[in-house]
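Enquirer: Structure of the sequence below:
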Amino acid sequence: MARCYLYSSSCKMTNIGCYSGETSKRLIIKPIVMQEILDLRKEDSFPLKAGLPPDYRGLVLQGSEPYSGQTASGLIVLQNFQRPGFSIQLGVYKFLRMVHCFLQPPFFPACSTHSLKSDLKSRIPGIGSFTLRENQFSFIHYGNEVILADFKAEKEYQLLYVSCSPATIDPFQTYFPELLEKFRNKINDPSAALITPQRRAGRHAGKIINELLWSPFASSMNEIHIDDKVREYVWLLMIEATKAEIRHMPLTDEMTDQLTDLGRQMRENPHEKFPISKLARAMGMNDMSFKLAFKQVFGKGILEYHLDHRMNEARRLLKEGMNIKTVAAMTGYDLTTSFITKFIEYFGYGPSKIQLKK
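Expert: This is a model prediction of the structure:
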């Protein structure tokens, strides 16, 4: 199996090389200006063009410099937004076969790595095996290291990297002295280090990401908007990273499997109702134990989890051109007005704004 070496050290430069064989002997390492990546099927290069693919319907970071490459083997989309005080990289990866890919995001000394979609399994020299489950993040100091990520076949991965200069996060010193001290100790260290363990990002951080990706502003106003949201996002992640560990309740493998299956049903059927009391009885639990168990597995409450998938499915359907009344029905709302109210409450703008952007 070929391995693709792909990392972006700035929004202008990408280094690429090919590894093959059991010994992972390095065959090619060369810096280029975002021109080509490895064809994972034929093991040769093909153009990595500026801009998004013509039929791309995924996440878009407004104001970023996007680059993309697509073959019969899969798709890579990188969107970079870099400013003096911070850097954002949004990566979307989808392959038709198992792929091992070396990744290094653009970074300042402090970098948050956040899996927005799918569980990412990887290995990082100096850290070892490392898994970020969907909606988990970790603050990582990469040094001169890269991530060896495992991308499973026919799954879409969405990764968000937000790194900040010391000056950007220094104002947080009063509130997170121990965490900031860890960052400072690693600034000149060439080795990778895990600054914080993997944690759920939380609903509030999710809302900030939505606001980053769905900015209502243009040009210079968007610059101010993103600068403000990046600081708020990092602030919220620091709060989550420094929270005391929650004591877990014991769950059998069978209970975990039942809850995992329930989560799948909720994702696939956003229009259905999932009454807590009925679900708790089916698992032999009282309501409180069931809610705690669900949050333990998914990192958020059952109502919040269901709402997240309802709203994201609604947004997807609206982007495809469906009218608001139909979308409301397809996501479980009997009244269109109730759907519109909840949509505005969740995203901060109405569903009609999506239709206006089309």
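Enquirer: The residue lying closest to Leu116 once chain neighbours are set aside in helix, strand or coil?
Expert: Using Cβ to Cβ, 6 or more residues apart in numbering and skipping the chain neighbours, the partner closest in space to Leu116 is Gln158 (3.9 Å). Yep, even glycine has a C-beta here, placed from its N, CA and C like the rest. Following DSSP: H, G, I helix; E, B strand; the rest coil, the label given to Gln158 is strand.
Enquirer: And for the one 10 residues further on?
Expert: Using three-state DSSP as the criterion, the local structure at Thr168 reads helix.
Enquirer: Please give me every residue in contact with it.
Expert: Thr168 sits next to Gly85, Phe86, Phe108, Arg231, Val234 when contact means Cβ atoms under 8 Å, 6 or more residues apart in numbering.
Enquirer: report the longest helix in the chain, please.
Expert: helix 219-241 (DSSP state H).
Enquirer: so which strand or helix has the most centrally placed residue in the chain?
Expert: When Cα atoms, centre = their mean is applied to the chain, the residue found nearest the centroid is Leu116 (2.3 Å). Assigned by DSSP states H and E, Leu116 belongs to strand 110-117.
Enquirer: Return the list of helices and strands in contact with the helix or strand just after that strand.
Expert: Scanning forward in sequence from strand 110-117 by DSSP H and E, the next helix or strand is strand 120-124. Contact analysis of strand 120-124 by 3 or more Cβ pairs under 8 Å, 6 or more residues apart in numbering; DSSP states H and E lists strand 128-132, strand 147-151 as its packing neighbours.
Enquirer: which intervals of the protein have sub-threshold pLDDT?
Expert: 1-47, 104-107, 244-248, 355-358 (pLDDT under 70).
Enquirer: Got the domain ranges for it?
Expert: 3-241, 253-357 (automatic domain parsing).
Enquirer: Just say which of those domains is most tucked in.
Expert: Here the criterion is mean neighbour count by mean count of other Cβ atoms under 10 Å, and of those the winner is domain 3-241, at a mean of 17.
Enquirer: That one: how far from the chain's middle?
Expert: Relative to its parent chain, domain 3-241 has a centroid offset of 9 Å by Cα atoms, centre = their mean, to the nearest Å.
Enquirer: same check, this time on stretch 314-327
Expert: Using Cα atoms, centre = their mean, the distance from the centre of stretch 314-327 to the centre of the chain it belongs to is 23 Å.
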